[in-house]
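Q: Quick check, what structure comes out for this input:
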Amino acid sequence: MVDLGILLTRHHRLLSVAAILDVFESVNKFCKADGQEPAFRLHVISQQNAGTLFNQYTLQPLDNGQKYDLILVPAFGIDDMQAAISDNNACMQWLRNQYEQGAAIGSVCTGAFLLAASGLLDQRNATTHVSAAAAFAAAFPSVHLQENAVVTQDQGVYTSGGATSTFHLLLRIIENYCGRDMSIRIAKYFAIDMDREQQTYFATFEPRTTHHDELVSQLQLRIQKDFSQVSTIEELLNDIPASRRNLARRFKTITGTTPIEYLQRTRIEAAKKILEQATGGVLESMVASGYSDEKAFRQLFKKTVGMTPSAYRNKYNKRVAETA
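A: A predicted model of the protein is given here:
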């Protein structure tokens, strides 16, 4: 039986914890129905609270001496990841100790920030919620961020993307510990499509703007204002009193992207909004976002979003969906 610990972090998202428990409770239920022992022994670990969770699980302290086979860190329910990390500082050494003793460690969504802060993701592949990817990349450059990935698994450390990607992480773990048949059974029970390979098309480009670098802010504003009129990033750098190399370095440190990538993603985000509108078409979105080469636009859109402009329009345009 696998001893599975769910770490009840400060600022955890309760829905994330509930999803983890529900899935593994269901695995155990199916095991019992098949006349087998439960596959997982579930523990809820807390650094601050005593009592029970959902009137069922007695909260266990970090220092209870228990060695776990697998530990899962839920998503955070606040947007301030620095505060989330700081308030869970006591968990980081504990997670490292558990990993060194042989435990597999996994994070759900923004829980990856805590794993990264602990050092467990250094030089490893990882993913997180697409909307938090830029902040994650800026904060943890030693992590090999796979921004588009739904799930990563690297040397006993798992991460997942945002929201419903949680279920894909749990299916991966179930397959690893219980086999493919149980994973398929759980996927059917929870109506999870097992073939999701990326989370790119769920993303909205929301770059960091609350910082104190005036030159970076100046370039951000220029890109936002003139993205559809300029042909190159050099046109936007005119009159900004900094060398291109210095500004590019500062820009990437703060935003997580280069100026060129930032310009491209701003344009693609504008194209997506056109495609989502009732009358939005592919050519209209191309022109409005500042592109003139249809082939190049389609290729960049697919590379950035994970699907073609037409497929994106079919997925998110209400008028198209209603007539399909």
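
Q: Which residues are in contact with residue 302?
A: 308-309 (CB atoms under 8 Å, 6 or more residues apart in numbering). Placement of C-beta: from N, CA and C, glycine included.

Q: average model confidence for the helix or strand hosting it?
A: Using DSSP states H and E, residue 302 maps to helix 294-305. Averaged over helix 294-305, pLDDT sits at 92.

Q: Kindly report the same for stretch 177-187.
A: 95.

Q: How about stretch 64-81?
A: 95.

Q: Quick check: buried residues in it?
A: Using 16 or more other CB atoms under 10 Å as the test for burial, stretch 64-81 gives 68-76, 81.

Q: Equivalent analysis for stretch 168-178, please.
A: By 16+ other CB under 10 Å, the buried positions in stretch 168-178 come out as 168-175, 177-178.

Q: In JSON lines, list those along with distance to residue 208.
A: Shown next, in JSON lines, are these (distance: CB to CB, whole Å):
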{"residue": "168", "distance to residue 208": "27"}
{"residue": "169", "distance to residue 208": "26"}
{"residue": "170", "distance to residue 208": "30"}
{"residue": "171", "distance to residue 208": "32"}
{"residue": "172", "distance to residue 208": "31"}
{"residue": "173", "distance to residue 208": "32"}
{"residue": "174", "distance to residue 208": "36"}
{"residue": "175", "distance to residue 208": "36"}
{"residue": "177", "distance to residue 208": "38"}
{"residue": "178", "distance to residue 208": "41"}
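
Q: Return the residues in contact with the closest residue to residue 140 other than its chain neighbours.
A: Closest residue in space to residue 140, ignoring its immediate chain neighbours: residue 116 at 4.2 Å, by CB to CB, 6 or more residues apart in numbering. The contact partners of residue 116, by CB under 8 Å, 6+ apart, come to 122, 126, 136, 139-140, 143.

Q: Residue 116: which element?
A: Residue 116 belongs to helix 112-118, assigned by DSSP H and E.

Q: Show me the contact partners of the very next helix or strand once past that helix.
A: Remark: after helix 112-118, the chain's next helix or strand is strand 125-126, criterion DSSP H and E. Defining contact as CB under 8 Å, 6+ apart, one finds that strand 125-126 is touched by 112, 115-116, 143-146, 149, 152, 154, 157, 159.

Q: Neighbouring strands of strand 125-126 in the sheet, and parallel or not?
A: strand 144-145 (parallel) (DSSP bridges).

Q: on that earlier part again, of the buried residues of stretch 168-178, closest to residue 38?
A: residue 178 (10.7 Å; CB to CB).

Q: For stretch 152-171, measure first residue to last.
A: End-to-end distance of stretch 152-171 (CA to CA, to the nearest Å): 12 Å.

Q: Let me know the closest of the contacts of strand 125-126 to residue 255.
A: residue 145 (14.1 Å).

Q: residues near that closest one, how many?
A: Residue 145: 22 surrounding residues under other CB atoms under 10 Å.

Q: Could you do residue 181 as well?
A: Residue 181 has 11 nearby residues by other CB under 10 Å.

Q: start at 53 instead
A: Got it, the first residue is 53 from now on, which makes the last one we talked about residue 233.

Q: give me the element it is part of.
A: With DSSP H and E as the test, residue 233 turns up in helix 232-241.

Q: That helix: which residues count as buried?
A: Across helix 232-241, burial judged by 16+ other CB under 10 Å covers 234-235, 237-239.
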